[in-house]
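>>> here is my input; please provide its structure:
(4 chains)
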There are 2 protein chains.
Amino acid sequence: MSKQELPIVDAGVDASAGACCAPLVCEPLSEGEAAELAPLFKAIADPVRLRLLSLIACHEGGEACVCDLTTAFDLTPPTISHHLKVLRQAGLIDSERRGTWVYYWINPAVLARMSALIGPVSPALAGTA
Amino acid sequence: MSKQELPIVDAGVDASAGACCAPLVCEPLSEGEAAELAPLFKAIADPVRLRLLSLIACHEGGEACVCDLTTAFDLTPPTISHHLKVLRQAGLIDSERRGTWVYYWINPAVLARMSALIGPVSPALAGTA
DNA sequence: CGCCTGCTTCGATGAACTTCTAATTAAAGA
DNA sequence: TCTTTAATTAGAAGTTCATCGAAGCAGGCG
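Modelled structure (predicted):
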């Protein structure tokens, strides 16, 4: 389940380059870079997916079962499943089935790259991403 | 022009709270917070708008005329105008007419808040936002 | 005043997205 | 094996969105 659908995580912009400022404001984004980055932001540009991401990240152990997530919304399981798929295809989360339940966890690197693109990078933390 | 359409810039999450980690992973986003934050990300979740933002930010003087922006795309002026309006309504940019031309510039605070939400906050820079 | 240029608004169209119900797959237990 | 529960996929309905052409507004200039 976490094997296919390889994420789109290589748009020229490297967040780890100890830059003085956000890559976005250093030089204009190319058409290709923008085309690769936009879907990442589109994936979190939804209230449900934003909360899903937060719920997963905050859950103990750093991972959450779908059953934990479904109960937090007034939405049907298929809808939650759809949103989880969008997040997974963007590379923001990953999943694994263990017995009866399917667990999801966050991919912090992708989130960090997005953050670094639009905001100032701390030289101290930039190298660790 | 920069008077009406007040931006949606007050979703509970404060980026300046010297947190150890991204607010997103500290505690689950409330329904209301998610509803206020999602439109911000939706505004930059488009290749054209991502490039517009970058072009404006990188332009000398920190501001760009619409005429500079339109020529960078294979799109008609109405379409560019539409995307600029979306960015402006989200509070990410602001604009002013000076004589013949209309100039746009970035609102760094909103971008910084979005960045802080999804990524690690540097204690050093966090207070300055 | 009348025209021209820069930019925005309006209205329409086709594509993409969110959500649902129904059906399907996968694992566990009687 | 049959049944039950967990999760996903398939298909459809309604809505939102990106884009365009046409029209409108605002400033400069003859």
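>>> whichever strand or helix holds A:Leu40 packs against which elements?
A:Leu40 belongs to helix A:31-44 when elements are defined using DSSP states H and E. Contact partners of helix A:31-44 among helices and strands, from 3 or more CB pairs under 8 Å, 6 or more residues apart in numbering or on different chains; DSSP states H and E: helix A:47-58, helix A:77-89, helix A:108-118, helix B:31-44, helix B:47-58. C-beta here means a position set from N, CA and C on the backbone, and glycine is covered the same way.
>>> can you give me the mean pLDDT across the longest one?
What helix B:31-44 shows for mean pLDDT is 97.
>>> can you list the buried residues in that helix?
For helix B:31-44, the neighbour count (16 or more other CB atoms under 10 Å in any protein chain shown) marks B:Glu33, B:Ala34, B:Ala35, B:Glu36, B:Leu37, B:Ala38, B:Pro39, B:Leu40, B:Phe41, B:Lys42, B:Ala43, B:Ile44 as buried.
>>> spatially nearest residue to the residue most central in space within chain A, not counting backbone neighbours?
Using CA atoms, centre = their mean, the residue of chain A that lies closest to the mean C-alpha position is A:Leu92, 2.5 Å off. Distances taken as CB to CB, 6 or more residues apart in numbering or on different chains place A:Val110 nearest to A:Leu92, at 5.4 Å, with adjacent residues excluded.
>>> quick check: that neighbour touching A:Gln89?
No. When contacts are counted by CB atoms under 8 Å, A:Val110 is not listed as touching A:Gln89 (11.7 Å).
>>> so for the two, which sits in the more crowded spot?
A:Val110 (20 against 16; other CB atoms under 10 Å in any protein chain shown).
>>> which residues touch stretch A:103-114?
For stretch A:103-114, contacts defined as CB atoms under 8 Å, 6 or more residues apart in numbering or on different chains pick out A:7, A:9, A:13, A:15, A:37, A:40-41, A:44, A:53, A:56-57, A:62-66, A:69, A:84, A:88, A:90-97, A:129, B:22, B:24-25, B:118-120.
>>> A:Tyr104 - that's part of a helix, no?
No. Using DSSP: H, G, I helix; E, B strand; the rest coil, the assignment for A:Tyr104 is strand, not a helix.
>>> count the neighbours of it for me.
Neighbourhood size, A:Tyr104 [other CB under 10 Å]: 23.
>>> quickly list what it is bridged to.
Beta-bridge pairing for A:Tyr104 (DSSP bridges): A:Ala64, A:Ser95.
>>> so how far is DNA strand D from it?
Distance, A:Tyr104 to DNA strand D, using CB to the nearest atom of the strand, to the nearest Å: 7 Å.
>>> just A:Leu40 next, same as before
As judged by CB to the nearest atom of the strand, A:Leu40 and DNA strand D stand 15 Å apart.
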